[in-house]
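> got a structure for you, letters missing:
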């Protein structure tokens, strides 16, 4: 006689994982929604204040991109969970396609975020500071450079 002890029978496990999938996917959708609302609010505030500078919009896009990347990661986690219990070949194929698409989206979003961040840093560094040889904020100096 073979004794088998199951913590949860497969149908119950599938149902429990279904609940977890819905929770994780809902979290991902909420993250994306919150990010979109935040970005829209910041956009409206920037337009109302009249600061239609590209730098302000780039910062908004960067933050929205971060929300999107995080939300997509949650969505991918939900897809992985969905196929955790005895997946069929069809489910595995669908997961592979979904994972490839979402991974590509994350890659390109992350790359764009890095490029935007580098551009903002270059613009910040290019802003004029105090003249060379002066102490910051005093307007006076000896004309000599301080040793590092």
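Structure's in. What do you need? Treat the numbers as computed from the prediction; the structure is a model and nothing was measured. Numbering: from 1, shown residues only.
> Residue 20: what's it in contact with?
Contacts here follow C-beta atoms under 8 Å, 6 or more residues apart in numbering; on that basis residue 20 touches residue 81. Where you see a C-beta, it was placed from the backbone N, CA and C, and this is true even at glycine.
> Please give the element, helix or strand, for it.
Here residue 20 sits within helix 10-49, counting by DSSP states H and E.
> quick check: mean pLDDT across that helix?
Average pLDDT, helix 10-49: 92.
> for stretch 91-105, same thing?
For stretch 91-105, mean pLDDT rounds to 88.
> outside of it, which residues touch it?
With C-beta under 8 Å, 6+ apart as the criterion, stretch 91-105 contacts 72, 75, 76, 79, 80, 82, 83, 87.
> Return the set of buried residues in it.
For stretch 91-105, a neighbour-count test (16 or more other C-beta atoms under 10 Å) marks 95, 98 as buried.
> Pull the distance from it to the chain's centre.
18 Å (C-alpha atoms, centre = their mean, to the nearest Å).
> ok now do the residue nearest in space to the middle of the chain, which residues does it touch?
Here the mean C-alpha position of the chain is nearest to the C-alpha of residue 66 (C-alpha atoms, centre = their mean), at a distance of 2.5 Å. Taking C-beta under 8 Å, 6+ apart as the definition of contact, the neighbours of residue 66 are 35, 113.
> And the next helix or strand past the one helix or strand it maps to?
Counting by DSSP H and E, the element that carries residue 66 is helix 54-82. Stepping forward along the backbone from helix 54-82, the first helix or strand reached (DSSP H and E) is helix 89-126.
> sorry, back to before: next, the angle helix 54-82 makes with the helix holding residue 20.
Orientation note: helix 10-49 sits at an angle of 170 degrees relative to helix 54-82 (axes from the mean of the first three to the mean of the last three C-alpha atoms, to 10 degrees).
> how about helix 10-49: buried residues?
Judged by neighbour count using 16+ other C-beta under 10 Å, the buried positions of helix 10-49 are 17, 21, 24, 25, 27, 28, 31, 32, 35, 39, 42, 46.
> Now do the helix holding residue 66, average pLDDT.
The predicted model gives helix 54-82 an average pLDDT of 86.
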